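Student: this one's sequence-less:
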């Protein structure tokens, strides 16, 4: 009567709070998701949630099925992991590099979870490396690179993790703070604060300023996100960051955020791996854990589109 896909759909609905976002999460159209839920309600002869509520308000029957999902799905995941171990090679190495300065917020919980479930896989995140991570991946010096800037390299596969929006952080008293969005020319008289990386790896340049042939009045760098936020809050400049990296500062009303362009700029974060490791059970489990953890701890991200999944 009740299938695993039903339980996964209910979890997605609880986590996202809306039918539209839940449909994106489970890669269904909104119509197909509504049909699946109506089918489930018909099977259990009960309404599962109150329509037109946001966040979704579940009925007693819906809450009972959610409790079942919380109990059953982790056990299914554990069984799948055990079966993967039996079917494949247990030993492995996972040395990774991160090209995304603000990714530690979700990557560390992913690594901790993975380490507990795959103790036989050697995990390391080398620090202070003086090499380009993606070519190092191709040379087998690394096994995984988190990047938003995929490069065509022979033997390297890019697994899309999630989509995120770049926002401009500004001081609360800044004139931009009251605007819904800004155009590129607005930054011509601003000091832009960035991480100390090449401009070709920053979305604010490649997707926003570059196409409009605009340069900020001044560019300064900072190593840490918290340093950037202190500079922004004190009116020393503005900075563009992924929406999830700004969440805690926006919730504390420390800074304000503005969209870059009327439609905003969206990018995809990838896990780059060598093609030879794609089917390794531990690698498959790491990628799945990374996606699940990111959606559990990050705000404002979206699932990748089916076209991106297929292209990968």
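Tutor: Received the coordinates, thanks. Just so you know, these numbers come straight off a predicted model, no measurement behind them.
Student: what's residue 253 sitting at in phi/psi?
Tutor: phi 60, psi 30 (degrees, to the nearest 10).
Student: can you verify my assumption that it contacts residue 172?
Tutor: Yes: with contact defined as Cβ atoms under 8 Å, residue 253 and residue 172 form a contacting pair (7.1 Å). (Glycine included, C-beta is placed from N, CA and C.)
Student: with neighbour numbers in mind, choose between those two.
Tutor: Legend: neighbour count by other Cβ atoms under 10 Å for residue 253 and residue 172, higher for residue 172 (12 against 8).
Student: need the contact list for the more buried one.
Tutor: Applying Cβ atoms under 8 Å, 6 or more residues apart in numbering to residue 172 gives the contacts 233, 253, 254, 255, 256.
Student: that one falls within a helix, correct?
Tutor: No: with DSSP: H, G, I helix; E, B strand; the rest coil as the criterion, residue 172 is located in coil rather than a helix.
Student: from residue 257, how far out is it?
Tutor: Here the criterion is Cβ to Cβ, to the nearest Å. By it, residue 172 lies 10 Å from residue 257.
Student: point out where the protein drops to low pLDDT.
Tutor: Low-confidence segments of the chain (pLDDT under 70): 84-91, 127-131, 306-312.
Student: that one: strands as residue ranges?
Tutor: 49-50, 57-58, 92-98, 121-124, 144-147, 156-170, 181-182, 191-194, 218-221, 239-242, 256-260, 265-274 (DSSP state E).
Student: what comes up buried for the fourth one?
Tutor: Read that as strand 121-124. Neighbour counts over strand 121-124 (16 or more other Cβ atoms under 10 Å) mark 121, 123 as buried.
Student: show me the contact partners of that strand.
Tutor: By Cβ under 8 Å, 6+ apart, strand 121-124 touches 91, 92, 93, 94, 95, 96, 111, 114, 115, 282.
Student: out of those residues, the closest to residue 289 would be?
Tutor: Comparing those against residue 289 with Cβ to Cβ picks out residue 114 as the nearest, at 5.5 Å.
Student: of the strands of the chain, which is nearest residue 21?
Tutor: Closest among the strands of the chain, using Cβ to Cβ: strand 156-170, at 12.2 Å.
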